[in-house]
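Next one to model:
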Amino acid sequence: MRQMLVQGRVAISDETVPPGQLIELPGRGTTFAIDLAGPPGAPTFFLIHGLVASTYLNWFPAFSALAARYRVIAMDLRGHGRGIPLGNRRFRLADCADDAALVADRLGVDRFVPVGYSLGGPVAQLLWRRHPERVAGLVLAATSRNFMGTPQERLFFQSLVGLASGAQLSRLLPWVHEGPGATLPAASGRMSGFALSELRHTSPNAVLQAMSAMGRFSSHDWIGDIDVPTAVVITAKDRAIGAQRQFKLADAIPGATVHPAPVGHAACVLQADQFVPALLEACRSVSDRLVNSSGAGPSRVERCS
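Have a look, this model is predicted:
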């Protein structure tokens with residue numbers, strides 16, 4: 001898990017870490033969201049981050065590239081980053097999906113495309129299931145219909161328990177301070193101050209509960225009913241959520257396109273130079289189908305190189 005925090009050379013700037021806002025969700029709490037306008041009339045893509053991460057940590061390498069083409073919304077999930085504090089409440093994936101729909105309401109967005117990474121994958125799937133009138137399409141990355149099925153996956157999630165607990169001791173780890181315009185160390189073995197700063201906002205209790213929620217999640221019974229343009233980004237060298245499991249997710253969704261990248265589970269940050277192009281290709285696949293008169297996807301799964 002140490003490797004997940006050692007980032008490649010990605011500049012920290014106003015483009016990669018854009019300003020966000022606190023949004024009050026009545027009866028639920030206050031969360032943090034980013035809203036990037038994008039070109040006039042462009043579709044809206046709603047980014048949903050992975051386990052342990054914040055929206056900044058998960059998506060900062062992709063913000064500027066996506067915002068050049070689309071309106072981009074991103075938020076911190078409950079107990080993660082600057083999201084709604086979990087407190088004594090139970091972490092539920094359904095609550096996260098409902099939070100996202102309410103954020104879209106507050107930002108004046110009617111229909112949008114959820115983009116779910118890892119933990120964000122089941123949240124995105126539940127957005128379609130719980131709020132079908134709001135979901136125009138789906139992009140799913142490094143995720144699955146269910147989790148913790150193989151020994152490797154169980155080991156990965158167990159290691160995240162250690163990371164969650166270790167976040168409380170992060171002040172004991174070597175790290176460097178990064179300011180605006182700084183460049184993060186490349187494979188130096190040092191912890192990035194930016195990454196640790198983001199991790200300190202995440203509740204270890206929320207991570208543990210989120211892991212449990214992922215373990216209980218399954219969309220097997222209804223994933224085949226998804227009727228919106230969908231693209232799946234496959235992290236082909238993923239040791240946490242195996243590529244075969246990701247391909248099965250894509251195969252289960254009618255008309256889903258597949259966009260593989262030769263990267264691991266933390267590719268959104270550590271291998272952003274390879275992950276972001278695959279993400280852009282997936283978003284373009286969905287966007288292109290949204291502008292078609294029918295809005296329908298292809299009749300079979302398409303594998304894009």
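
just so I have it, where are all the helices in the stretch 101-250 of the chain?
120-130, 151-166, 193-199, 204-216, 243-252 (DSSP state H, counting those that start in this stretch).

Tell me which of these sits most buried.
helix 120-130 (a mean of 26; mean count of other Cβ atoms under 10 Å). The way it works is simple: take the backbone N, C-alpha and C, and place the C-beta from them, glycine included.

just checking, what's the longest helix in the chain?
helix 272-290 (DSSP state H).

Looks like Leu249 contacts Ala231 (just checking).
No: if you go by Cβ atoms under 8 Å, Leu249 and Ala231 don't touch, sitting 11.4 Å apart.

So for Asp99, which of the helices of the stretch 101-250 of the chain sits nearest?
Of all the helices of the stretch 101-250 of the chain, helix 120-130 sits nearest to Asp99, with 8.9 Å by Cβ to Cβ.

which stretches of this protein form strands?
21-25, 29-36, 44-48, 71-75, 113-117, 138-141, 175-176, 191-192, 230-235, 257-261, 302-303 (DSSP state E).

Overlap in contacts, Leu249 and Ala231.
Contact criterion Cβ atoms under 8 Å, 6 or more residues apart in numbering; residues shared by Leu249 and Ala231: Leu140.

Could you give the bridge partners of the residue nearest to Ala250 when sequence neighbours are not counted?
Excluding the flanking residues, the one nearest Ala250 by Cβ to Cβ, 6 or more residues apart in numbering is Val232, at 3.9 Å. In this entry, Val232 is beta-bridged to Leu140, Val258, by DSSP bridges.

Please read off the pLDDT at Val232 from the model.
Listed pLDDT for Val232 reads 98.

Tell me the confidence at the nearest residue to Phe217 once chain neighbours are set aside?
Of all residues not flanking Phe217 in the chain, Pro122 sits nearest, at 4.7 Å (Cβ to Cβ, 6+ apart). At Pro122, the model reports a pLDDT of 98.

Quick check: Pro122 vs Gly41, distance?
30 Å (Cβ to Cβ, to the nearest Å).

Also Ala282?
For Ala282 relative to Gly41 (Cβ to Cβ), the value is 21 Å.

Settle it for me: which of the two has more neighbours?
Ala282 (26 against 6; other Cβ atoms under 10 Å).

Got the confidence number for Leu196?
According to the model, Leu196 scores 79 on pLDDT.
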